[in-house]
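# one predicted model, sequence on top.
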Amino acid sequence: MTIQSVPSGASPRRAVVAGHEVEPGGRPLLICLSHLRWDFVWQRPHHLLSRASADYDVVVVEEPDVGRSGAVGLRSVVRDHGIEVVTPLLPAGLRPREAVAAQRSLLDQVVVREGREPDILWYYTPMALEFSRHLSAPATVYDNMDELSLFRGASQRIIDLEAELLTRADVVFTGGASLYEAKRDRHPNIHCFPSSIDRAHFVRARRARGDRPADQAGLPGPRLGFFGVIDERMDLALLEATASLRPDWTFVMIGPVVKIDPGSLPRRDNI
């Protein structure tokens, strides 16, 4: 299942995908390949891609949902800002090569359904190269928001695939200064692009009047808040030590606990 150019003076980017001819449509198309679930936590990809949707048709292809369906297929929903979120469905028990082949076929279906090749391929995970390297686009973006190779349970293959992605990408963004310093010599067009906050969202709390949120009404101040994913990247020992040193402070931690045992979380009255 290959993509090949089809010569045409009127439409130079027409192509054949899985036996179907596709060509540019109205608005440009951005296809994002992500390891994150769109409906999990609103974070960096959501901020950037929701803004991109003002000028692009945005399709986000998530990591596959394995085992819930007995057949290979696609689940597609349209979220805020008109962003289409596509989830590959794979049966359990596929060998690695079979899973890659199935995902490649499903990705081709997405392109065929859109009726045109992507104008931008936007990567959040190098692992997606295994089933997308046959696609091409005028621009390839690698948004290196985290060092995925250091995540718990990460495949060592991600290191090799990232090296390949760095050779294919036209521009690379890093989610922070330390990532930038570690990779600044690996790509000629790499930029430090730290994450920040959603000012428009959080400023509403500054302007709020009336009672405090019900779940915090009884908590003494001063209060220190965290909102985000609570996982192996968080320095839980530092949190516990700080809470111990400052028993008069309240630490409000809001977010899902993933990839770590909830029993390992510090337990103090002021957390």
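That came through fine.
# tell me the mean pLDDT for stretch 83-100?
Averaging pLDDT along stretch 83-100 yields 93.
# stretch 38-54 now?
Averaged across stretch 38-54, pLDDT comes to 91.
# likewise for stretch 174-183?
Averaging pLDDT along stretch 174-183 yields 91.
# pull the CA atoms of it into PDB?
What follows is stretch 174-183 as a C-alpha-only set of coordinates in PDB (Å, rounded to 0.1, in the frame of the first residue of the first chain):
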ATOM      1  CA  THR A 174      11.000  21.200  22.500                       C
ATOM      2  CA  GLY A 175       8.700  21.400  25.500                       C
ATOM      3  CA  GLY A 176      11.300  23.000  27.700                       C
ATOM      4  CA  ALA A 177      14.800  24.300  28.100                       C
ATOM      5  CA  SER A 178      16.400  21.100  29.200                       C
ATOM      6  CA  LEU A 179      15.000  19.200  26.200                       C
ATOM      7  CA  TYR A 180      16.300  22.000  23.900                       C
ATOM      8  CA  GLU A 181      19.800  21.800  25.400                       C
ATOM      9  CA  ALA A 182      19.900  18.100  25.000                       C
ATOM     10  CA  LYS A 183      18.800  18.100  21.400                       C
END
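# which parts of that stretch are buried?
By 16 or more other CB atoms under 10 Å, the buried positions in stretch 174-183 come out as T174, G175, G176, L179, Y180, K183. All C-beta atoms are positioned from the backbone trio N, CA, C, and that covers glycine.
# give me the helices and strands touching the top helix by length along the chain, please.
Longest helix in the chain by number of residues (criterion: DSSP state H): helix 96-114. For helix 96-114, the elements it packs on are strand 15-17, strand 20-22, strand 29-33, strand 57-61, strand 73-78, strand 84-90, helix 129-132, judged by 3 or more CB pairs under 8 Å, 6 or more residues apart in numbering; DSSP states H and E.
# okay, the buried residues of stretch 174-183 in CSV with distance to T140 next?
Shown next, in CSV, are these (distance: CB to CB, whole Å):
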residue, distance to T140
T174, 16
G175, 18
G176, 21
L179, 18
Y180, 19
K183, 16
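# still on that earlier bit, which helix or strand lies directly C-terminal to the longest helix of the chain?
Following helix 96-114 in sequence order, the next helix or strand is strand 120-123 (DSSP states H and E).
# what lies in contact with that following strand?
Contacts of strand 120-123 from elsewhere in the structure, counted by CB atoms under 8 Å, 6 or more residues apart in numbering, are 28-33, 49, 56, 129, 132, 135-143, 165, 169.
# average model confidence for stretch 258-267?
Average pLDDT, stretch 258-267: 89.
# brain fart, stretch 239-247
Regarding stretch 239-247, the rounded mean pLDDT is 96.
# next one: stretch 138-145
Summarised as a single mean, pLDDT over stretch 138-145 is 95.
# how about that stretch as CSV, C-alpha atoms only?
Output of stretch 138-145 as CSV, limited to C-alpha atoms (Å, rounded to 0.1, in the frame of the first residue of the first chain):
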residue,chain,number,x,y,z
PRO,A,138,5.2,19.9,2.4
ALA,A,139,5.9,20.4,6.2
THR,A,140,6.7,17.9,8.9
VAL,A,141,6.7,19.1,12.5
TYR,A,142,8.0,17.3,15.5
ASP,A,143,6.7,18.8,18.8
ASN,A,144,9.0,17.1,21.3
MET,A,145,7.0,18.0,24.4
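# run the chain-centre distance for that stretch.
12 Å (CA atoms, centre = their mean, to the nearest Å).
# buried ones in it?
When burial is assessed from 16+ other CB under 10 Å, stretch 138-145 yields the following buried residues: T140, V141, Y142, D143, N144, M145.
# one more: stretch 234-245?
By neighbour count on 16+ other CB under 10 Å, the buried set for stretch 234-245 is M234, L239, E240, T242, A243.
# what do you get for stretch 261-268?
L265, P266.
# likewise for stretch 122-141?
For stretch 122-141, a neighbour-count test (16+ other CB under 10 Å) marks 122-132, 135, 137, 140-141 as buried.
# helices along this structure, start to end?
Counting by DSSP H, residue ranges of the helices within the chain are 44-52, 96-114, 129-132, 157-168, 177-183, 199-207, 236-245.
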